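Engineer: Provided below are the primary sequence and the corresponding predicted coordinates.
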Amino acid sequence: MDLSRFFDNEFDQHEAVVRATRDALQEPFAALVEVCVASLRQGGKILFFGNGGSAGDSQHIATELAVRYVTDRPAIAAIALTTDTSLLTAVGNDLGFDQLFARQIEALGKPGDVAVGITTSGKSPNVLLGLEKARAMGMAATALSGRDGGGLPGLADPLLIVPSVITARIQEMHITLGQMLCGAIEIELGHVEEPAF
């Protein structure tokens, strides 16, 4: 294996997807920030969920909001629906894995909250059902995805589809967009001064 070539190729792919994502997603990103800020200002919360690496991203982003991102400030209401092992195993065992997020949204969500589903393919049944439940309850159903968005177009709005078919590159953009979301929310809520660019 030529590790130097592998190394360079990975960075070339990453840089290409960064450029494509920057070109494609400015408007839907701004829309996602607006939806989240509007909910938070009205006493709502943001619920993040996904499987595998997307579960990790959900926990990462929710933690940045609930604890701190740039600086100490009041807590921001955010929850990852991927952390309660008793609940996750009970739903999986009793109701089926497809209901993993829909059941939690039914229990914890309320009209005006924001559901953020994260799925690189857009085809995860439990993410799609979670977003369907969120919409039915009067929540904002939003998502981060990749490839062609799978079953998310027409379901999630705003929908941020990373323009790539490579799972690793999509995941890299998801955590970048997630951290950008945290930073923008802090600024919009007045917790952090807008940087002078």
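Structural biologist: Noted; the coordinates are in hand. Numbers count the residues shown, from 1 in each chain.

Engineer: check contacts around His14.
Structural biologist: Arg169, Glu172 (CB atoms under 8 Å, 6 or more residues apart in numbering). C-beta coordinates here come from the backbone N, C-alpha and C atoms, glycine included.

Engineer: tell me which element it falls in.
Structural biologist: Element membership of His14 [criterion: DSSP states H and E] is helix 3-41.

Engineer: tell me which residues in that helix are buried?
Structural biologist: The neighbour-count check on helix 3-41 (16 or more other CB atoms under 10 Å) flags 14, 17, 21, 25, 28-29, 31-33, 35-37, 39-40 as buried.

Engineer: Pull the distance from that helix to the chain's centre.
Structural biologist: 12 Å (CA atoms, centre = their mean, to the nearest Å).

Engineer: swap in stretch 79-94?
Structural biologist: That offset, for stretch 79-94, works out to 18 Å (CA atoms, centre = their mean).

Engineer: And the average pLDDT for it is what?
Structural biologist: Stretch 79-94 carries an average pLDDT of 98.

Engineer: If you tally nearby residues, what's the number for Val165?
Structural biologist: 12 (other CB atoms under 10 Å).

Engineer: Excluding sequence neighbours, find me the nearest residue to Leu81.
Structural biologist: Distance criterion CB to CB, 6 or more residues apart in numbering; nearest residue to Leu81, sequence neighbours excluded, is Phe49 at 4.1 Å.
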